[in-house]
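> heads up, no residue letters with this:
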């Protein structure tokens with residue numbers, strides 16, 4: 001692991017937590033590398049600010065819109081020291097040029113399952129999409145440091161993302 005890796009991860013988690021502004025559990029289901037279902041609590045607030053997503057997923061390119069939510073996993077407990085894991089889910093509408101770039105640069109295969117996301121984002125995920133995934137893309141985005149899933153619908157130009165503890169990309 002590179003020097004400062006755990007510290008950078010902890011700082012990234014704290015930044016996401018400060019954006020969310022509350023503690024709770026997640027909803028959703030497990031598919032592939034998506035996070036496990038936890039006990040249900042109030043829905044995470046859906047947000048549309050771009051910067052947190054741009055910093056963590058610059059590979060998306062210049063997306064034209066985004067809706068996302070983040071929530072801590074498990075039960076927050078001030079008696080237990082250490083960082084809290086955070087799940088971040090969202091839907092980004094990509095620029096047509098970026099969809100073409102992603103299709104050219106990565107091998108996308110039909111997804112075995114539809115994307116799993118936080119409950120508050122589920123209604124934002126287009127139904128009936130022809131979802132595609134790329135192991136190579138996922139590895140590049142996560143740098144194999146955290147878990148995540150990325151589903152692309154090339155026709156609609158939509159990327160659905162779901163990750164645990166996504167860190168800002170180097171240089172962001």
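Sure, I can see it. No experiment lies behind these values; they were computed from the predicted model shown.

> Which of the three states applies to residue 113?
Three-state call for residue 113 (DSSP: H, G, I helix; E, B strand; the rest coil): coil.

> what's the span of stretch 60-71, first residue to last?
Using Cα to Cα, to the nearest Å, one end of stretch 60-71 lies 22 Å from the other.

> And the helices in the chain?
For the chain, helices defined by DSSP state H occupy the ranges 5-20, 51-56, 96-105, 119-122, 135-142.

> hmm, which helix or strand of this structure has the shakiest average pLDDT?
helix 5-20 (a mean of 43; mean pLDDT, DSSP states H and E).

> Quick one: end-to-end distance for stretch 56-69.
End-to-end distance of stretch 56-69 (Cα to Cα): 14 Å.

> An error on my part: the question was meant for stretch 85-98.
30 Å.

> next one: stretch 68-81
Distance across stretch 68-81, first residue to last, is 27 Å (Cα to Cα).

> So which bits of it are buried?
68, 69, 70, 71, 72, 73 (16 or more other Cβ atoms under 10 Å). Yep, even glycine has a C-beta here, placed from its N, CA and C like the rest.

> Now for those: which two are most distant?
Spanning the widest gap among those are 68 and 73, at 16.0 Å by Cβ to Cβ.

> coming back round to it: can you lay out the buried residues of stretch 68-81 as CSV showing distance to residue 46?
Shown next, in CSV, are the buried residues of stretch 68-81 (distance: Cβ to Cβ, whole Å):
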residue, distance to residue 46
68, 7
69, 5
70, 10
71, 11
72, 16
73, 18
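
> least confident pick among those?
pLDDT is lowest at residue 73 among these; the value there is 86.

> so that one touches residue 85, yeah?
Yes. Using Cβ atoms under 8 Å, residue 73 makes contact with residue 85 at a distance of 4.3 Å.

> between these two, what contacts are shared?
residue 164 (Cβ atoms under 8 Å, 6 or more residues apart in numbering).

> If we ignore the residues flanking it in sequence, what's nearest residue 133?
Leaving aside its sequence neighbours, residue 133 sits nearest to residue 111 (Cβ to Cβ, 6 or more residues apart in numbering; 4.7 Å).

> show me the contacts for the one you found.
With Cβ under 8 Å, 6+ apart, residue 111 has these contacts: 131, 132, 133, 151.

> Compare the residues you listed and tell me which has the most neighbours.
residue 151 (26 neighbours; other Cβ atoms under 10 Å).

> which regions of the chain sit below the pLDDT cut-off?
For the chain, the stretches flagged by pLDDT under 70 are 1-42, 75-78, 82, 171-172.

> Neighbours of residue 130, how many?
11.

> quick one: it and residue 155 touch, right?
Yes. Using Cβ under 8 Å, residue 130 is in contact with residue 155, at 6.2 Å.
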